[in-house]
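Q: would you be able to build a 3D model of this:
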Amino acid sequence: VQLVESGGGSVQAGGSLRLSCAASGYTYSSYCMGWFRQSPGKEREAVATIESDGVTKYSDSVKGRATISVDNAKNTLYLQMYSLVPEDTAMYYCAGTFLCHQLWDGNADRWGQGTQVTVS
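A: Numbering: from 1, shown residues only. The predicted structure follows:
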């Protein structure tokens, strides 16, 4: 099982970005997935999660500015972010688990290597 993020980069404040997380070895349709981020000197925090039935959850910091989604045919998880602000600067990680109730707390079975987002 492998998760590979992509789509990070540098963007100006007010811009948008779409992060992708491609999975191999299992299907998203039976997994709960999420995006997390960590800035230097800060703890990792949950950004958004999506359960196998499509139920989503967002952190207050991105609510209204982000959309998490899954393309099961492509086995890819996405995070579309809008109206980016410098505080969104962080390394973004995707993660997944069968234990959905633990995911928001960061208890995931699998983690990607991360993709850097820098907003200036």
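
Q: going forward, measure contacts and count neighbours with C-alpha atoms only.
A: Fine.

Q: from N72, how far out is M91?
A: 25 Å (CA to CA, to the nearest Å).

Q: what about those two, which has more around it?
A: M91 (18 against 12; other CA atoms under 10 Å).

Q: contact partners for the more buried one?
A: Residues near M91 by CA atoms under 8 Å, 6 or more residues apart in numbering: 37-39, 114-117.

Q: one more time with 10 Å, if that's ok
A: By CA atoms under 10 Å, 6 or more residues apart in numbering, M91 lies in contact with 8, 36-40, 44, 113-118.

Q: the helix or strand bottoming out on mean pLDDT in the chain: which residues count as buried?
A: Every helix and strand in the chain was compared by mean pLDDT, DSSP states H and E; the lowest is helix 100-103, with a mean of 91. Residues 100, 103 are the ones in helix 100-103 that count as buried (16 or more other CA atoms under 10 Å).

Q: who's G96 bridged to?
A: On the basis of DSSP bridges, G96 is bridged to M33, R110.

Q: pLDDT score assigned to it?
A: For G96, the model assigns a pLDDT of 92.

Q: next, count neighbours for it.
A: 25.

Q: need the contact list for the one residue sitting closest to the centre of the chain.
A: Geometric centre of the chain, nearest residue: W35, 2.1 Å, by CA atoms, centre = their mean. Residues near W35 by CA under 10 Å, 6+ apart: 19-21, 45-50, 58, 68, 77-79, 92-96, 103-104, 106, 111-112, 114.

Q: let's go with 7 Å and repeat that
A: 46-49, 92-95 (CA atoms under 7 Å, 6 or more residues apart in numbering).

Q: widest-spaced pair of the residues you listed?
A: Greatest spacing in the contacts of W35, by CA to CA: T49 and Y92 (13.0 Å).

Q: for L19, give its distance to A66.
A: L19 is 11 Å from A66, by CA to CA.

Q: shared neighbours, these two?
A: Contacts common to L19 and A66, judged by CA under 7 Å, 6+ apart, are 79-80.
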